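Novice: Need a 3D model of the following:
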Amino acid sequence: MKKVERINTIMRYINNRSHFTISEIMQEFNISRSTAIRDIREIESMGMPLVAEVGRDGGYFVMHNAVLPDVHFTNNEVKALFIAFMATRNQQLPYLKSRQSLGEKLLGLISKNQQDDLVLLNQILLFEGTNPNNPDLLDLSDLPHPMLEKLIQILLLDRYLLVTIKEEKIIKSYAIYLLHLYREKSLWLIEGFDLKEEKKRIFYVDNLTNVKPYPEKKRLSEKKILETLSKQEEEINLVIELGQKAIAQFKKYHPLKVSLSYTNPYQATAILKTFINVNKPEEITEIISWLLFLGKDIKVKEMPEGVLKSLQERLRIFCP
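Specialist: Next up, the predicted model:
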């Protein structure tokens with residue numbers, strides 16, 4: 001039996017008894033005395049009000065027949081939740097306004113000792129984007145685009161959408177099947193299949209002015225969409241080998257759709273394969289800047305000629 005499962009079972013066992021001893025716990029769950037004591041201490045730290053009775057036949061009882069709430073957390077689970085809150089602060093995530101009530105409920109479910117640990121963590125841990133003068137767990141100073149939550153609510157019901165986009169004072173509507181909603185470089189993007197032109201498109205959520213379900217009678221089937229996409233898959237035209245230093249840089253930042261394949265069991269070298277659209281100057285500029293960010297510990301195996309020339313030109317500027 002795993003530790004978390006065992007502790008949960010012990011808690012149910014305790015709640016069904018007015019009194020218990022360490023020996024009873026050892027016998028019931030076939031564990032050693034030291035393990036039983038550790039488990040009891042962890043259960044106490046989670047907020048169960050156990051009272052120890054002194055004496056030869058002493059044991060424990062739950063004070064005033066108190067019980068734990070239906071949801072309970074171990075010490076490490078509480079810390080994991082708290083640090084996740086802190087790390088995603090000021091990240092333009094949806095439902096940020098709900099974090100206040102969620103945080104209050106979390107604090108209401110944990111013990112005083114666990115609350116004290118969180119106060120200390122909040123004082124000493126800082127993450128990117130955090131104001132060191134106001135390390136507040138529930139800082140809501142960087143709300144996402146207001147359309148993001150509406151988009152997610154609709155997506156939970158239907159992925160066929162009619163999106164209205166405003167770009168450079170021009171408003172256009174597109175019928176799409178949404179493939180992915182993702183966040184890259186602090187911006188939320190919609191990756192969708194254009195149902196009329198039958199090709200993939202990318203839209204910025206910040207440019208979204210309206211979204212609603214697309215009428216069923218005008219839809220392509222999901223099967224046909226996926227078949228069309230598979231036929232349109234771009235051929236790989238960028239192949240790069242990465243050493244350890246470049247891999248470390250890759251882990252700090254990489255475009256969402258770029259992934260590594262490690263070439264040894266120690267993950268000391270890797271191969272990167274992807275597609276660059278040479279007809280999009282902004283994409284070429286972006287990939288070159290990223291390759292320079294990876295550093296010198298890379299070997300180019302394959303690269304479009306235009307991209308290679310642009311990369312060499314950038315290197316000449318920085319290293320005349």
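Novice: Look up which helix or strand Ala248 falls in, please.
Specialist: helix 244-252 (DSSP states H and E).
Novice: Can you tell me what sits against that helix?
Specialist: Applying Cβ atoms under 8 Å, 6 or more residues apart in numbering, the external contacts of helix 244-252 come out as 242, 260, 267-270, 272, 293-298. Where C-beta positions appear, they are placed from N, C-alpha and C, glycine not excepted.
Novice: same thing but at 7 Å, please
Specialist: Applying Cβ atoms under 7 Å, 6 or more residues apart in numbering, the contact partners of helix 244-252 are 242, 260, 268, 270, 293-295, 297-298.
Novice: If you count neighbours, what's buried in it?
Specialist: Buried residues in helix 244-252, counted by 16 or more other Cβ atoms under 10 Å: 246-247, 249-250.
Novice: Equivalent analysis for stretch 77-93, please.
Specialist: Neighbour-count burial for stretch 77-93 flags 78, 81-83, 85-86, 89-90, 92 (criterion: 16+ other Cβ under 10 Å).
Novice: and if you look at stretch 26-35?
Specialist: 26, 29, 31.
Novice: would you list these in JSON lines and tack on pLDDT?
Specialist: Rendered in JSON lines, the data for the buried residues of stretch 26-35 read as follows (pLDDT from 0 to 100):
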{"residue": "Met26", "pLDDT": "90"}
{"residue": "Phe29", "pLDDT": "89"}
{"residue": "Ile31", "pLDDT": "90"}
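Novice: Can you give me the neighbour number for the nearest residue to Arg219 once chain neighbours are set aside?
Specialist: Closest residue to Arg219 apart from its sequence neighbours, by Cβ to Cβ, 6 or more residues apart in numbering: Tyr160 at 5.3 Å. The local packing of Tyr160 (other Cβ atoms under 10 Å) involves 21 other residues.
Novice: ok, for Leu121, nearest residue in space, not its chain neighbours?
Specialist: Phe82 (6.1 Å).
Novice: Tell me if that neighbour really is in a helix.
Specialist: Yes - counting by DSSP: H, G, I helix; E, B strand; the rest coil, Phe82 is part of a helix.
Novice: if I look at Ile7, how far off is Gly108?
Specialist: Ile7 is 21 Å from Gly108, where distance means Cβ to Cβ, to the nearest Å.
Novice: Give me the more crowded residue out of these two.
Specialist: Neighbours per residue (other Cβ under 10 Å) separate Ile7 from Gly108, with Ile7 holding more: 19 against 9.
Novice: pretty sure the more buried one is in contact with Arg41, am I right?
Specialist: No - in this structure, Ile7 is not within contact of Arg41 by Cβ atoms under 7 Å, at 10.7 Å.
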